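Visitor: could you work out the structure for the sequence below:
(chains A and B)
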Amino acid sequence: MTLLELDGLSVAYPAGQRWARAVRGVSLSVAAGEVVGLAGESGCGKTSVAMSVLRLLPRTAKVTGRIRFGGTDLTGATWGELRAVRWAQAAVVFQGAQHALNPMHRIGTQIAEPALRHGLVTRSAAAAHAADLLQRVGLAPELARDHPHQLSGGQRQRALLATALSCSPRLLIADEPTSALDSVSQAAILGLLRELAAERGIGVLLVSHDLGALAAVCDRIAVMYAGRIVEQGSAEAVLGDPAHPYTEALTGAATVIGDPATRYAPRSLGGAPPDPLSTAPGCAFAPRCPHAGPDCGGEIPLRPAGPGRLVECVRVAS
Amino acid sequence: MSDPLLAACGVSVEFPGGRRPADGLDLVVHPGEIVALAGQSGCGKTTLIRAMLGLQRTVSGEIRYEGRPIGRGRALRRYRRHVQFIPQDPRAALDPRRTVYDAVAEGLRAHRLRDGEYARVTEALDLAGLPRRLAASRPYELSGGQCQRVLIAGALVLRPRVLLADEPVSSLDVVARGEILALLLRLREELGMATLIATHDLGAAWQIADRTAVLHGGRIAEDGPTECVLTRPAHEQTRTLLAAHRQSAPVHS
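Guide: Reported below is the predicted structural model:
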């Protein structure tokens, strides 16, 4: 069952007299029980996509296209309607657990707050609710009495996840939930997301610049470049046999320890992503692409390349 | 091998409450050597780096630069021209209101080196691979990778011999990460720069470090050539970190 459906989504921010087009026509869906990864460099528009779902963007942002959640069109939803969806139906795990928790309040209070606000638990049952959620994310219930500064980075990220689970949402939107953590805590958090999808049927939209993290948990992966999804498909297909030169460059950047070819040889792309103000036609990746040719300046269609796989590149035979 | 340039000798640090994030640590960095200090968060990497910068009081042991204790007061001040720090989160480390030029010139001003400021700053920008036209930009106009280059330029402006980098690439995306690691390698080639890089990312150690020291519970669990430590780990903690790295590596056909 499709939970979230984005259709031709575009997001633009005012930049003086012009518009910076951060997202340029993105179509993507997340089904119940599915973990979908959204990958790309910083500035590619992935956070704008994630935050547009619950309209958590700055007021000046111009959003076009359609956002459907559980069959309801959220594009024209009123603030009241959105409030009912936030937390209860779809919750966000924000980037940077260091700053997303309120330093003045106890962990337990913050975890129970969304459920209290939405009238799902009573004040007397709040403590038990928080303890239950802490256990579900693998933390000791006693931590409920602590303040954020008393927790490690990994513990705080788990606490933040517990907060997002407070109202038993059907969709989790996690924006770089592990990028500030060491690899051991990272693996634990990713395992937890996988478990929530498999056992509770929660749909997860996982935004990350870290392809390794996405590979570990995602069913499907969409790769974004300069506001467009340039490739999407099953995680194995996209990472194991990348069809778009940009995906190829991203996967090539991963290190295999023990491989002499990567020793003393950190890979980099060279060049920089295009100016978001640019309205130049054609493939945005062409200036950095090792395979770029004369055809890349024209209209680039999104082409199917195998089951459930779409690639935006002239090199893919239609 | 040559004499160590920078050495931690039996360094212990004690926090209030008795916890010891460093407990008799020995670590050396030779001239022109890139050393990775690997370990999970909370293992004491940052504390050791702070101690090596003379920012953290030690309860025993000492930090030596060119064989002599780094001392205090004016001696410590002189020492800090030779050893420069690169922090983890470049965006948080830069003052959002100041231009790239001022951020890079800060070290010169702090050390009252007034001669040829403009020439030194532009040279540092060139070395760090930043276009000179960005000198008037402010941090919010730059990407994460560019911000990290500004901090590296700010370190290079004093012509140090050692860089102490605390997780310099962990907040960057894969592309920027590769560029910064390549920059650290190039600084060693061109300037003979020694670097101690604290990281939880063994991939980064494999890509640039001559030697890898694994830190665990305030002690060095294992220390040796990167090829040996990462392909034939002798300590349990190294194996744990390697397993976590493998789990997070994309599948490859």
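Visitor: going by C-alpha atoms from here, please, whenever you check contacts or count neighbours.
Guide: Will do.
Visitor: mind listing the strands for the chain?
Guide: Because you didn't say which chain, this covers chain A. A:2-15, A:18-31, A:35-39, A:62-69, A:72-73, A:90-93, A:171-175, A:203-208, A:220-225, A:228-234, A:303-304, A:310-311 (DSSP state E).
Visitor: that answer is for a different chain, and I need it for chain B
Guide: Under DSSP E, chain B gives strands at B:6-13, B:22-29, B:34-38, B:60-65, B:68-69, B:83-86, B:162-166, B:194-199, B:211-216, B:219-225.
Visitor: who's in contact with the closest residue to chain B within the stretch 1-150 of chain A?
Guide: The nearest approach of the stretch 1-150 of chain A to chain B comes at A:Glu41, 5.7 Å away (Cα to the nearest Cα). Shown in contact with A:Glu41 (Cα atoms under 8 Å, 6 or more residues apart in numbering or on different chains): A:209, A:224-225, B:173-175.
Visitor: swap in 7 Å and give it another go.
Guide: A:209, B:173 (Cα atoms under 7 Å, 6 or more residues apart in numbering or on different chains).
Visitor: same check on B:Arg80?
Guide: Counted by Cα under 7 Å, 6+ apart, B:Arg80 has zero contacts.
Visitor: burial measure for A:Glu236, as a count.
Guide: 18 (other Cα atoms under 10 Å in any protein chain shown).
Visitor: spatially, what comes nearest to A:Cys289 if we skip its sequence neighbours?
Guide: In space, A:Cys289 comes closest to A:Pro245 once its chain neighbours are excluded; the distance is 6.6 Å by Cα to Cα, 6 or more residues apart in numbering or on different chains.
Visitor: what about the one you found, neighbour count?
Guide: Based on other Cα under 10 Å, the number of other residues close to A:Pro245 is 21.
Visitor: where does it land on pLDDT?
Guide: Model confidence at A:Pro245, given as pLDDT, is 90.
Visitor: repeat for B:Ala249
Guide: 59.
Visitor: cool, and A:Ser318?
Guide: pLDDT, A:Ser318: 54.
Visitor: coming back round to it: out of the strands of chain A, which is the most enclosed?
Guide: The highest average neighbour count among the strands of chain A, using mean count of other Cα atoms under 10 Å in any protein chain shown, belongs to strand A:35-39 at a mean of 28.
Visitor: give the pairing partners of that strand; include direction for each.
Guide: strand A:203-208 (parallel), strand A:220-225 (parallel) (DSSP bridges).
Visitor: mind putting these in CSV, mean pLDDT included?
Guide: Formatted as CSV, those follow (pLDDT from 0 to 100):
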stretch, mean pLDDT
strand A:203-208, 95
strand A:220-225, 96
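Visitor: can you list the residues of the stretch 151-300 of chain A near chain B?
Guide: Residues of the stretch 151-300 of chain A found near chain B (Cα under 7 Å from any Cα of the partner chain) are A:179-180, A:182-184, A:187, A:209-213, A:215-216, A:239-240, A:250, A:253-255, A:257-258, A:262-269.
Visitor: so which of those are in helices?
Guide: A:183-184, A:187, A:211-213, A:215-216, A:239-240, A:250 (DSSP state H).
Visitor: so who does A:Thr255 touch?
Guide: A:262, B:203.
Visitor: same thing but 10 Å
Guide: A:212, A:261-263, A:265-267, B:178, B:202-207, B:245-246, B:249-250 (Cα atoms under 10 Å, 6 or more residues apart in numbering or on different chains).
Visitor: and the residues you listed, which are buried?
Guide: When the contacts of A:Thr255 are checked for burial by 16 or more other Cα atoms under 10 Å in any protein chain shown, the buried set is A:212, A:262-263, A:265-267, B:178, B:202-207, B:245-246, B:249-250.
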